[in-house]
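In: Starting from these lines, generate the structure:
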Amino acid sequence: MSTRSGEWRAPILFYLVLGLIVVSGTTGVLRSLILYSEGRQIVLEQIGDLTVHRTFLAAREESHRRQRPLFILFTAPWSDACKAFEAAMVSSPVHAALKASVILKITDADPAFRDFSRRSDYTGVRHGLPFFVILDSEARLRFSGRNLEESEKIIRALD
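Out: Numbers count the residues shown, from 1 in each chain. Model prediction:
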């Protein structure tokens, strides 16, 4: 059985290109695999009386299904400023608006944190914590910030 010249090149080129795509991380598929690596499982925790998602995909799906904004809090459990921010979420004027929205908490140790911090539309994550963004139910950015003092703007973004 003789091999025709060049038959071996196609599989090698395929695996070479596939390897470059995986290594470079330039495709949306790879980014999605990293961002959604936790899957669709629902992991919840409480901040006072606020129910907070801990997995991006589950929070995003609930936001879309309920047609409610998604409040994403980027935080670090070791940071006093982040602890104070979480306490303020329960006692500030924005509390009622937060209670009616979908909340997602992403800590600096979560795989999603690394992905968001690399994105150009979430540069605030790289400049200190806490940081939050508010997305509408179609995942379009409505507002972002570092503190809850701009309560009127935050409440409008959450309505």
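In: Let me see the backbone angles for Pro90.
Out: One thing to correct before we go on: residue 90 is Val, not Pro. phi -90, psi -30 (degrees, to the nearest 10).
In: ok, the nearest residue to it once chain neighbours are set aside to Ile155 distance?
Out: Distance criterion CB to CB, 6 or more residues apart in numbering; nearest residue to Val90, sequence neighbours excluded, is Gly48 at 3.3 Å. For the C-beta atoms, the positions are set from N, CA and C on the backbone; glycine is no exception. The gap separating Gly48 from Ile155 is 18 Å, by CB to CB, to the nearest Å.
In: next one: Ala59
Out: For Ala59, the distance to Ile155 equals 20 Å [CB to CB].
In: Those two - which one has more neighbours?
Out: The residue with more neighbours, out of Ala59 and Ile155, is Ala59; 24 against 15, by other CB atoms under 10 Å.
In: How about exporting the host helix or strand of that one as CSV, limited to the C-alpha atoms?
Out: Assigning secondary structure by DSSP states H and E places Ala59 in helix 56-66. Extracted in CSV, the C-alpha atoms of helix 56-66 (Å, rounded to 0.1, in the frame of the first residue of the first chain):
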residue,chain,number,x,y,z
PHE,A,56,-21.8,33.5,35.7
LEU,A,57,-23.8,31.4,33.4
ALA,A,58,-26.6,30.7,35.9
ALA,A,59,-26.8,34.4,36.8
ARG,A,60,-26.8,35.4,33.1
GLU,A,61,-29.6,32.9,32.3
GLU,A,62,-31.7,34.1,35.2
SER,A,63,-31.3,37.7,34.3
HIS,A,64,-32.4,37.0,30.7
ARG,A,65,-35.3,34.7,31.8
ARG,A,66,-36.6,37.2,34.4
